[in-house]
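> Predicted model follows, preceded by the sequence.
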Amino acid sequence: MTMMKKIGLLGSTGSIGRNVLRVAETHPERFCLAYLTANTRVDELIAQALKFRPQTAVIADEGGYASLCAGLAGTGIRCEAGAAALADIARDGEADVVLNAIVGAAGMLPTLAAVEAGRDVALSNKESLVMAGELINHICRTSGARIFPVDSEHSAIWQCLAGEQDRDVEKIILTGSGGPFLRRDLSTFDAITPAEALRHPNWSMGAKITVDSATMFNKGLELIEAFHLFHLDPSRMEILIHPESIVHSMVQFRDGSVKAQLGVPDMKVPIQYALTYPEHLLSDWPRLDLAAAGTLHFEQPDLRRFPALALARTALEKGKTYPAVFNMANERAVGRFLKGEISFPQITQAVRTALEAHEALDPLSREDLLFLCKLN
């Protein structure tokens, strides 16, 4: 008999969190929710909690605590609030697996708390590994916790590596769509508006991640995340533009063969695999029709168009806390761009300036990593 798996869901009201709930709803015999957390969307969190009946609901914004308690009064669902409560529930909540779908550096501390407690983490919050990958891997070796990738690209690589020997891997190939500005005239980039940057051609995502896809900072973050997940030298990690978003990523082996994982652009598939690994659970998600998809295209990224990729490699090669600065400077710059305070190209310029000014701190120091977060 298959055991019911309790999911602790961090970030339930974002695009990934909502897809996690769709997976759980589709397989009620396999999954239940131990707890749900949200940042500010208290009304949506209340609706989710009433539907899925977790043991605990946490709102990070303490201003929403009274509303959360009122909305869940009489249900028996415990209510908590505040950033510290996110780490506490990740550490102590009654979950078999913690799925971290928080966006940005705010997800780092809950990931650290979960792995310190020996809990497996299905990780959508790439910033956890970008900021604290060395520390997280160090903790996992001691606690026995495992990281299951949720990003479609890293899930694809994970699946391609199943059953393979590490020594046989020549390189991994991360694919990216190129976003909405793949063919746009470079001379017009200063005029790009937030509304234009938020129109991704293939995926439906939150605002920050969508802008990161337009700049390809998202792919730079994924490159650093892949380094900490798969432990390959950066020279053995490649990025290719693939506009159709059908091939989610690939692995090339030393005999010249290549394995690829394909599928429609649907985050429910990698989410479900992270929750059911190593099983591919029967589901009615949309199927890939290769005949209808037609020709698939690949090309090398133009670093003039996507300078974020070169900055990501610089941060990764410098190591230590440079990747954390790469992430934090980008988070701040994207926020300013969305407010209309800086132009689209100035996102990259701000990150470059931050990297050039940084003096490395200790990547195994929680205090140093938190200091970098506060600089944001």
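Nice, thanks for sending it over. In this text the structure is predicted, and so the values were computed from the model without any measurement. Numbering: from 1, shown residues only.
> residue boundaries of the strands in the stretch 101-250 of the chain?
Counting by DSSP state E, counting those that start in this stretch, the segments of the stretch 101-250 of the chain that form strands are 120-123, 147-149, 169-176, 237-241, 247-253.
> could I get these as CSV with distance to Leu68?
Where C-beta positions appear, they are placed from N, C-alpha and C, glycine not excepted. Shown next, in CSV, are the strands of the stretch 101-250 of the chain (distance: least, Cβ to Cβ, whole Å):
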stretch, distance to Leu68
strand 120-123, 25
strand 147-149, 29
strand 169-176, 38
strand 237-241, 41
strand 247-253, 36
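> any chance of those in a markdown table, with mean neighbour count and mean pLDDT too?
Shown next, in a markdown table, are those (neighbours: other Cβ atoms under 10 Å; pLDDT from 0 to 100):
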| stretch | mean neighbour count | mean pLDDT |
| --- | --- | --- |
| strand 120-123 | 26 | 98 |
| strand 147-149 | 24 | 98 |
| strand 169-176 | 21 | 97 |
| strand 237-241 | 20 | 98 |
| strand 247-253 | 21 | 98 |
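> Of those, which is nearest Thr353?
strand 237-241 (23.3 Å; Cβ to Cβ).
> counting contacts, what elements does the closest one pack onto?
Applying 3 or more Cβ pairs under 8 Å, 6 or more residues apart in numbering; DSSP states H and E, one finds that strand 237-241 contacts strand 169-176, helix 217-230.
> closest one to Asp92 among these?
Among the helices and strands packed on strand 237-241, if distance is taken as Cβ to Cβ, the winner is helix 217-230, at 25.3 Å.
> Please compute how far that closest one lies from its chain's middle.
What separates the centre of helix 217-230 from the centre of its chain is 10 Å, taken as Cα atoms, centre = their mean, to the nearest Å.
> Over to stretch 77-93?
Worked out by Cα atoms, centre = their mean, stretch 77-93 lies 21 Å from the chain centre.
> mind pulling up the phi and psi values for Arg78?
phi -70, psi 140 (degrees, to the nearest 10).
> Just to check, it is in contact with Arg53?
No - in this structure Arg78 lies outside contact range of Arg53 using Cβ atoms under 8 Å: 11.8 Å.
> of the strands of the stretch 101-250 of the chain, which approaches Ile347 most closely?
strand 169-176 (16.6 Å).
> partners of the closest one in the sheet?
strand 237-241 (parallel), strand 247-253 (antiparallel) (DSSP bridges).
> Ile271: which of the helices and strands packed on strand 237-241 is closest?
Of all the helices and strands packed on strand 237-241, helix 217-230 comes closest under Cβ to Cβ, at 16.3 Å.
> mind checking which of the strands paired with strand 169-176 is nearest Trp285?
strand 247-253 (13.9 Å).
> Please, where are all the helices along the stretch 101-250 of the chain?
108-116, 126-143, 152-161, 194-197, 207-215, 217-230 (DSSP state H, counting those that start in this stretch).
> And for the chain, the residue most distant from the center?
Farthest-out residue of the chain from its mean C-alpha position, per Cα atoms, centre = their mean: Gly74, at 34.9 Å.
> Helix, strand or coil: sort out that one for me.
coil (DSSP: H, G, I helix; E, B strand; the rest coil).
> State the distance from it to Asp43.
17 Å (Cβ to Cβ, to the nearest Å).
> Of the strands of the stretch 101-250 of the chain, which is nearest Cys32?
Once these are compared by Cβ to Cβ, strand 120-123 is nearest, at 15.1 Å.
> Now do that closest one: everything it contacts.
96-100, 111, 114-115, 129, 145-150, 271, 274-275 (Cβ atoms under 8 Å, 6 or more residues apart in numbering).
> could you flag which of these are buried?
96-100, 111, 114-115, 129, 145, 147-150, 271, 274-275 (16 or more other Cβ atoms under 10 Å).
> Mind listing the shared neighbours of Arg78 and Arg53?
What both Arg78 and Arg53 touch, as defined by Cβ under 8 Å, 6+ apart, is an empty set.
> and stretch 307-326, which residues are buried?
307-309, 311-316, 320-326.
> any low-confidence regions in the stretch 151-300 of the chain?
203-204 (pLDDT under 70).
> mind running it again at 90?
Applying pLDDT under 90 to the stretch 151-300 of the chain picks out residues 199-209.
> how much space between the residue lying closest to Gln159 once chain neighbours are set aside and Pro301?
Closest residue in space to Gln159, ignoring its immediate chain neighbours: Gln261 at 5.0 Å, by Cβ to Cβ, 6 or more residues apart in numbering. Distance of Gln261 to Pro301, computed by Cβ to Cβ: 20 Å.
> shouldn't Thr56 be in contact with Gly76?
No - taking Cβ under 8 Å as the definition, Thr56 is not a contact partner of Gly76, at 10.5 Å.
> out of these two, which sits in the busier spot?
Thr56 (21 against 8; other Cβ atoms under 10 Å).
> Now the more buried one. Its backbone dihedrals?
phi -140, psi 140.
> Looking at strand pairing, list the partners for it.
Beta bridges link Thr56 to Tyr35, Arg78, judged by DSSP bridges.
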